[in-house]
Structure formats: C-alpha cells, structure tokens
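>>> Curious how this folds, go ahead:
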Amino acid sequence: MNGAAPQPIYCFDLVTIRRADGAHDDRGLVIKSSMPAGKKLRVLLADGTTVSASKRGLVVADRSYFRPGHVVAAASDPGGQIGVVTGVATALDLVRFSSGTDRTQAVAVARGVSASGLRRVTELSVGGYVVSGPWLGRVLEVSLDVDVLFDDDDGGDLCRVTGAEHKLEAAGINNRTRYTDCLFYPGQRVTGGSSVFKASRWIRGYWKPTHRTGTVARVDTAGVVVCWVASMELAPPSPSSKRQRLPRTSRARTGWKSSRLSR
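Here you go, the predicted structure:
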C-alpha cells in the first residue's frame, strides 16, 4: 500500500535497495540510521562505497546480529509481546569482485548459501578466540606473508611481502569497514610503496620501479600474538604461538570462502 508507513530500519540491518525497474540487486549494511525526519539513511555496499537511500526505498533482508538468548520484540510493535531467540538459521549471498577495469564492482555469484558449505579465507584473525591445551585465548595480532603477482610482463613477476598487514593496502577501494577479519585474499588488487616491494623476496623475476600495484596470489599466517584469558592451570602459555597449535573457536563475525565456487 502506498500510504503504509515504512518498516522500522535500524543500524547494522542488512537491506535491499529497491530500484525503479523493480530489481533487487544492491544490498548493503545500514551504517547510520538515526537521521532527522525526511533525511536519507547511509548504506554501505559490498564494494565498500556508501550510498544514501530513503526508508521507503529499502527492504530489510536480515538482522544477523541476533543470537540465541537475545530478548526481542516485534519491530512493528516494540512495546508489545517479547520473546527469547532460541535458534538462528543463516543463509548467505556471495559476491565476486570484478577482475576487469573496474575491480571494485561486486557481482553476485550465489544466493542463499548455507554457512555449513563455507570455510574461512584466513585461519586466524584479530579478535578470534583460540585454544591451546586447557587455555582459552584471544588473538591480539596476526602477522601475514602475502605473495604478490605483477602481471604486466609475460609470466608475471612474483614476490613475497612479510608483515604485509603493515605494508600493503587494498588498491582503489574504500576499505573502511569492508572486511572485519580478512585483510587480504587471493585475487585482490593491492598496492604498496616502491621500497616495500624492492625489499621483498622475489620468488620469480625481479623488482622494477614500475611495480606499485599487484594481485594477491597467496596469503599465509606467519604468526600470532594471543592474550590468554582463562584456564584451570596457573601458568599461561607464551603470548606468541605457532598457528598450527591454535585451534580456533567459533566467533560471531567472520569471513568465509566457498570451496564450491570456481576461481
């Protein structure tokens, strides 16, 4: 109904943007919802850009921040009956970023994918919980080794950047909140200072002054720093530990990779 009031929309809601042609292709996360009457909401899209949209032009697709045990009420009647979340089913829409001229364009490749069919892109990430024997800890720092391919020559030159989390950044996009736990992934375009690549170990080819932007070929977790928070023993393990000794535990916010999608 045209006269119906728009549905309540809150910060961190996943929304679909209505288009004039009726398509529902663009989805994003509401990052600012407390706007004066008549003002538009700010929505963060999958490619890292933000757009403005009115409430009437948005449809809530998901409120994935709910967890079992949360006390909730109907959004249409906040003062009405309340309940407790007892279970959550998650279905994911996956996008692939273009490898053409516009490498920031997100293209939907799968919709409604079950989380059980996905695996993480990175083994460990900052803020994740890990265990070592009887100890539970939380990851404070992650050191990454990234292989960067420069495809401007036949065969492509390839180098390995150690401590890449402090030396590289994503090329040509707004990275502000795009990924929470996955700094780099294979196929991503990255850039760094000339001195960064010059000082790196070259696996194939050699450094050239034109090497400023390349493509991630491989990401390895080199090491982590862990804060041990709970155990039945007295002495905690070393703050730094090899990743192979740190089985991860589940966490609410994470990045995943589907083994079913072609590269």
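
>>> use CA for all of it now, contacts and neighbours both
OK.

>>> And what about residue 12, helix, strand or coil?
Following DSSP: H, G, I helix; E, B strand; the rest coil, the label given to residue 12 is coil.

>>> Report how many residues lie close to it.
18 (other Cα atoms under 10 Å).

>>> Report pLDDT for it.
We note a pLDDT of 82 for residue 12 in this prediction.

>>> In this structure it contacts residue 41, no?
No. Using Cα atoms under 8 Å, residue 12 is not in contact with residue 41, being 11.4 Å away.

>>> hey, what's in contact with both of these two?
Residues touching both residue 12 and residue 41 (Cα atoms under 8 Å, 6 or more residues apart in numbering): 30-31.

>>> Isn't residue 207 up against residue 195?
No. Using Cα under 8 Å, residue 207 makes no contact with residue 195, being 9.9 Å away.

>>> If you count surrounding residues, which of these two has more?
Higher neighbour count among residue 207 and residue 195: residue 207, with 19 against 13, using other Cα under 10 Å.

>>> That one - nearest residue in space that isn't next to it in sequence?
residue 198 (5.7 Å; Cα to Cα, 6 or more residues apart in numbering).

>>> So what's the residue count around the one you found?
A count of nearby residues for residue 198, using other Cα under 10 Å, gives 16.

>>> how does the chain divide into domains?
The chain breaks down into these domains under automatic domain parsing: 14-84, 129-249.

>>> Between those, which one is closest to residue 91.
The closest of the domains of the chain to residue 91 is domain 14-84. By Cα to Cα, the value is 9.4 Å.

>>> Just the endpoints, please. Distance across that closest one?
By Cα to Cα, to the nearest Å, the extent of domain 14-84 from end to end equals 21 Å.

>>> Which strands or helices does the host helix or strand of residue 148 pack on?
For residue 148, the host element (DSSP states H and E) is strand 135-150. Packing partners of strand 135-150 (3 or more Cα pairs under 8 Å, 6 or more residues apart in numbering; DSSP states H and E): strand 129-132, strand 157-162, strand 213-230.

>>> tell me the most buried of the ones you listed?
Comparing the helices and strands packed on strand 135-150 by mean neighbour count (mean count of other Cα atoms under 10 Å), strand 157-162 comes out on top with a mean of 22.

>>> now it against strand 213-230, angle please.
Here strand 157-162 runs at an angle of 20 degrees relative to strand 213-230 (axes from the mean of the first three to the mean of the last three Cα atoms, to 10 degrees).

>>> List the contacts of strand 157-162.
Contacts for strand 157-162 (Cα under 8 Å, 6+ apart): 143-151, 196-197, 200-207.
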